[in-house]
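1. build me a structure from this.
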Amino acid sequence: MTRERTLTKKSGHRTDSSGDAVQAYRAFVDVVNMSPDELARWLRTPESKAAGQHNDGGESVGHASGRRIVTLLRTRREALDDDDYAHMRKVVGYVHRHLAQRPSGDVTDTRWRHSLMNWGHDPLQE
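-> Next up is the predicted model:
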C-alpha cells in the first residue's frame, strides 16, 4: 500500500493524508479530553511544572508535550504536518500506557494524574 502525500501551501511541509493520519487524529482527539484553554491554564500551575520526568532540572517531557498539544488543538486540521501526527501518536501511546498504571485509591492530587494532565488527559473527566 502506498502512502499518499501532499504539500501544504502555507508551510511547505509534507502532510500525510493517508488513513494513518486520520486514525492518529481520531485517536488523539479521543484521548485528549482537556480543552486548549483548560490545558494552557493547567500548564501554568506549580503542580504541572513539578510532575513528570525532568532532564537536568529543566522542563519535563510531559510539560513540553502539553505546550505542543495546546498548539495542535488550536491548529486547523489541514495545516497539520507529519511531525504533528507523529506527536499525536506519541500522546496517544503515553496516555494509554499511563492509564494502565493507575494507582489505587483517590487519584485527585497525585503525580500520576498531574502527569497525565500535562499530556492533555484528565482521568477524572472520563
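2. so where's the longest helix in this structure?
-> When every helix of the chain is counted residue by residue (DSSP state H), the longest turns out to be helix 82-99.
3. helices or strands up against the next helix or strand after it?
-> Downstream of helix 82-99, the next assigned helix or strand under DSSP states H and E is helix 111-118. Under the contact criterion of 3 or more C-beta pairs under 8 Å, 6 or more residues apart in numbering; DSSP states H and E, the helices and strands touching helix 111-118 comprise helix 36-43, helix 46-50, helix 61-73, helix 82-99. For glycine as for every other residue, the C-beta is placed from the backbone atoms N, C-alpha and C.
4. residues in contact with the longest helix of the chain?
-> The set of residues external to helix 82-99 that reach it, using C-beta atoms under 8 Å, 6 or more residues apart in numbering, is 13-16, 20-21, 24-25, 27-28, 30-32, 62, 65, 68-69, 72, 75, 112, 115-116, 119-121, 123.
5. quick check on those residues: which are buried?
-> Of the members of the contacts of helix 82-99, the ones counted as buried by neighbours, 16 or more other C-beta atoms under 10 Å, are 15-16, 21, 24-25, 27-28, 31-32, 62, 65, 68-69, 72, 115-116, 119-121, 123.
6. report pLDDT for residue 120.
-> If you check residue 120, the pLDDT there is 98.
7. just confirm it is within a helix.
-> No - read with DSSP: H, G, I helix; E, B strand; the rest coil, residue 120 is coil and lies in no helix.
8. what's the closest non-adjacent residue to residue 40?
-> The spatial neighbour of residue 40 that comes closest, neighbours along the chain excluded (C-beta to C-beta, 6 or more residues apart in numbering), is residue 70 at 5.1 Å.
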